[in-house]
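>>> Here's my sequence, what's the structure:
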Amino acid sequence: MTGALAPGSTVGQTPAGWAEATYAGGVVELAFPPELNASELPHRRRVLLVLSAAAEPPQSPAELASGYWLSLTTARRSPQPDPAATLARLRPNAKLGERSRVSVDGQPAACIAFNEAGEAKLFAAPGEALPSSGERLGWLIETDTPWGRVELGVVGRAGDRATLWADFQRLLATVQFGDPETAPADPRPETLAAEPILGAWKSARGTMELAADGGVRIRFDSDKAFVLGRHGSVDYRKPTRELAGEFAAEGDLVRIRWADGSLLNFRWRVAGSELLITDHHGRTRRLARLYR
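Next comes the predicted model:
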């Protein structure tokens, strides 16, 4: 079933009526059917683009029962694309199937098929085995770009195998890779020392954005996140989803004053596409570059 795009497929071709989307600041552009809804799903140190007809977006990659997902991993962990390892982290109940090589926007890519057993029903007629429902199958494709590893996946009902693969091919035919359109930074004197780390970064818990004008914002993935107080202890009475403030930089030191007057200092260094920080409480974080 897998292989190169079907004969006659045109890379970058957008079917009539399809919506267009730009992901990771332009690293990936693609189109999708109008009946699908696009949503962002934070997952560890990246943010996935999810395309699904479901009324509510999934809260985790494993919850996506029917639809597509797309992600860019800027911090590479293996020298070659390994969709099997990625799939094990995203959908731990998946059973791996056929592996093949495909092409996306003229770029060679690794592809793996998978299926997931449905959940057994609680009741069955006397003498009959418990039936199962919700069996799913899908494919995951990975390829490398100059800006990181791109992952494209699809999942759907097992009974629609041929249709699901044909629809996936149509979507893949619209994919185009490019360079991120990053806004030129014009740092102020107090933020000039932090110019290499201006922009967005993703940790396992949230996203941090440092702006050239000195603004800083942290948005947590969960609405049940807690931050440390002035004395380094957690105040569980005050869950928070977002922090905003201003920062100034001197060498590798960043000083932040949050809107409520509290302070945070951290030292930083960049290793490839990763940002390593240690704050004044001794906590360390590893963040990945996030293109917006």
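>>> which stretches of the stretch 151-292 of the chain have low pLDDT?
223-239 (pLDDT under 70).
>>> Enumerate every residue touching the nearest residue to residue 64 once chain neighbours are set aside.
Among residues not flanking residue 64 along the chain, residue 58 sits closest, at 4.6 Å (C-beta to C-beta, 6 or more residues apart in numbering). The way it works is simple: take the backbone N, C-alpha and C, and place the C-beta from them, glycine included. The neighbours of residue 58, taking C-beta atoms under 8 Å, 6 or more residues apart in numbering as the test, are 41, 50, 52, 64, 65.
>>> ok, now residue 30?
20, 21, 23, 70, 171, 174, 175, 176.
>>> which is the next helix or strand following the host helix or strand of it?
Assigned by DSSP states H and E, residue 30 falls within strand 28-32. Per DSSP H and E, strand 28-32 leads on to strand 37-43 as the next helix or strand towards the C-terminus.
>>> in the very next helix or strand once past that following strand, what's buried?
Using DSSP H and E, the next helix or strand after strand 37-43 towards the C-terminus is strand 46-52. Buried residues in strand 46-52, counted by 16 or more other C-beta atoms under 10 Å: 46, 47, 48, 49, 50, 51, 52.
>>> Mind giving me the packing neighbours of strand 46-52?
strand 37-43, strand 67-73, strand 284-290 (3 or more C-beta pairs under 8 Å, 6 or more residues apart in numbering; DSSP states H and E).
>>> List the pairing partners of it within its sheet, with orientation.
Paired with strand 46-52 in the same sheet, following DSSP bridges, are strand 37-43 (antiparallel), strand 67-73 (antiparallel).
>>> out of those, which comes closest to residue 15?
strand 67-73 (14.8 Å; C-beta to C-beta).
>>> and the next helix or strand after that closest one with strand 67-73, angle?
Next helix or strand after strand 67-73 toward the C-terminus (DSSP H and E): helix 83-90. Relative orientation of helix 83-90 versus strand 67-73 (axes from the mean of the first three to the mean of the last three C-alpha atoms, to 10 degrees): 110 degrees.
>>> which strands and helices sit next to helix 83-90?
Short answer (3+ C-beta pairs under 8 Å, 6+ apart): helix 83-90 packs on strand 95-104, strand 107-116, strand 136-145, strand 148-157.
>>> switch the cut-off to 10 Å
strand 67-73, strand 95-104, strand 107-116, strand 136-145, strand 148-157 (3 or more C-beta pairs under 10 Å, 6 or more residues apart in numbering; DSSP states H and E).
>>> quick one: the strands in the stretch 101-250 of the chain?
With DSSP state E, counting those that start in this stretch applied, the stretch 101-250 of the chain shows strands at 107-116, 119-120, 132-133, 136-145, 148-157, 176-177, 199-202, 206-210, 215-220, 242-250, listed in chain order.
>>> Nearest to residue 77, out of those strands?
Short answer: strand 148-157, nearest of the strands of the stretch 101-250 of the chain by C-beta to C-beta, at 8.9 Å.
>>> Neighbouring strands - and their directions - for that closest one?
When DSSP bridges is applied, strand 148-157 pairs with strand 67-73 (antiparallel), strand 136-145 (antiparallel).
>>> so what's residue 51 bridging to?
residue 38, residue 68.
>>> Who are the contact partners of it?
Contact analysis of residue 51 by C-beta atoms under 10 Å, 6 or more residues apart in numbering lists 19, 21, 30, 32-33, 35-39, 64, 67-70, 154, 171.
>>> one more time with 7 Å, if that's ok
Listed by C-beta atoms under 7 Å, 6 or more residues apart in numbering, the contact set of residue 51 reads 32, 36, 38, 67, 68.
>>> any idea how far residue 71 is from residue 42?
11 Å (C-beta to C-beta, to the nearest Å).
>>> Counting neighbours, go ahead and name the busier of these two.
More crowded of residue 42 and residue 71, by other C-beta atoms under 10 Å: residue 71, with 25 against 20.
>>> Please tell me I have it right and the more buried one contacts residue 151.
Yes. At 4.7 Å, residue 71 counts as touching residue 151 under the criterion of C-beta atoms under 7 Å.
>>> what about the closest residue to residue 253 other than its chain neighbours, which helix or strand?
With C-beta to C-beta, 6+ apart as the criterion, residue 253 has its nearest non-adjacent residue at 5.6 Å, and that residue is residue 267. For residue 267, the host element (DSSP H and E) is strand 263-271.
>>> Pull up the pairing partners for that strand, direction included.
strand 253-258 (antiparallel), strand 274-279 (antiparallel).
>>> Show me the contact partners of the last one.
In this structure, residues lying in contact with strand 274-279 by C-beta under 7 Å, 6+ apart are 75, 197, 201, 264-269, 284-288.
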